[in-house]
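> Based on what follows, work out the 3D shape:
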Amino acid sequence: MVIALQAEPIVRALPQTTDLLTLLTSEEQAQLAREKNPAKQVRLLLQIAEKRLQEAERLAAQERFNPALSVLLVYQAVLEHAFSRIETVPPGGRRKSAYRDFDLHIRRQLKDLVPLTRAFPIGLAADAERVLKTVTRLRFEALNAFAGGRILTHPRPKSQ
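The predicted structure is shown next:
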């Protein structure tokens with residue numbers, strides 16, 4: 001008896017030079033192109049990222065972990081782009097609000113991201129954990145920017 005397994009491509013990381021537009025659907029690209037306000041672009045990117053997180057959860061629930069990791073890496077890339085886009089928001093209250101919005105979105109998403117990263121099998125767990133660490137770092141940076149200084153630091157690993 002021969003059992004054939006469908007091989008799913010393994011994507012460990014997206015290239016650093018990946019263009020955001022290649023990661024978005026044509027509809028998402030059009031929405032982003034139509035929006036001229038940088039703060040609204042950030043909000044739109046956060047919504048797109050949330051869709052990717054939900055898609056990764058759905059794939060992981062079906063135990064399709066390789067595609068789930070690929071989608072999770074896209075989620076990370078969209079969030080990194082959204083964070084960098086905040087710098088294009090005019091300084092002052094609007095930029096602070098954009099950092100606050102970023103934090104609030106990420107805080108809600110972390111409630112889903114943490115259990116999702118635990119669901120990955122050992123071979124993929126380290127990559128999923130890197131996504132979680134990156135998202136947490138971005139949240140800390142957004143909170144610090146909102147507060148106007150270095151308020152939060154990353155927790156140090158506990159020594160054994």
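> helices or strands up against the lowest-mean-pLDDT helix or strand in the chain?
Scoring the helices and strands of the chain by mean pLDDT, DSSP states H and E places helix 20-23 at the bottom, with a mean of 85. When contacts are defined as 3 or more Cβ pairs under 8 Å, 6 or more residues apart in numbering; DSSP states H and E, helix 20-23 sits against helix 65-85. Backbone N, C-alpha and C define where each C-beta goes, glycine included.
> Lys51: neighbouring residues, count only.
Around Lys51 there are 14 other residues, counting by other Cβ atoms under 10 Å.
> Can you say which helix or strand has it in it?
helix 38-61 (DSSP states H and E).
> tell me which residues in that helix are buried?
Neighbour-count burial for helix 38-61, counted by 16 or more other Cβ atoms under 10 Å, picks out 38-39, 41-46, 48-50, 52-53, 55-57, 59-60.
> Then stretch 21-34?
23-24, 28, 31-32.
> So for this protein, which residue is the most central one in space?
Among the residues of the chain, Gln76 comes closest to the average C-alpha position under Cα atoms, centre = their mean, at 2.9 Å.
> quick one: contacts for the closest residue to it other than its chain neighbours?
Distances taken as Cβ to Cβ, 6 or more residues apart in numbering place Val131 nearest to Gln76, at 4.8 Å, with adjacent residues excluded. Applying Cβ atoms under 8 Å, 6 or more residues apart in numbering, we find Val131 in contact with 72-73, 75-76, 113, 117.
> Same list (those) but as CSV, adding distance to Arg137 and pLDDT.
Converted to CSV, those look like this (distance: Cβ to Cβ, whole Å; pLDDT from 0 to 100):
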residue, distance to Arg137, pLDDT
Leu72, 16, 96
Leu73, 16, 95
Tyr75, 15, 96
Gln76, 11, 96
Leu113, 13, 94
Thr117, 14, 93
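> Could you provide those in JSON lines, with additional columns for distance to Phe140?
Output for the contacts of Val131, formatted as JSON lines (distance: Cβ to Cβ, whole Å):
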{"residue": "Leu72", "distance to Phe140": "20"}
{"residue": "Leu73", "distance to Phe140": "20"}
{"residue": "Tyr75", "distance to Phe140": "18"}
{"residue": "Gln76", "distance to Phe140": "15"}
{"residue": "Leu113", "distance to Phe140": "15"}
{"residue": "Thr117", "distance to Phe140": "17"}
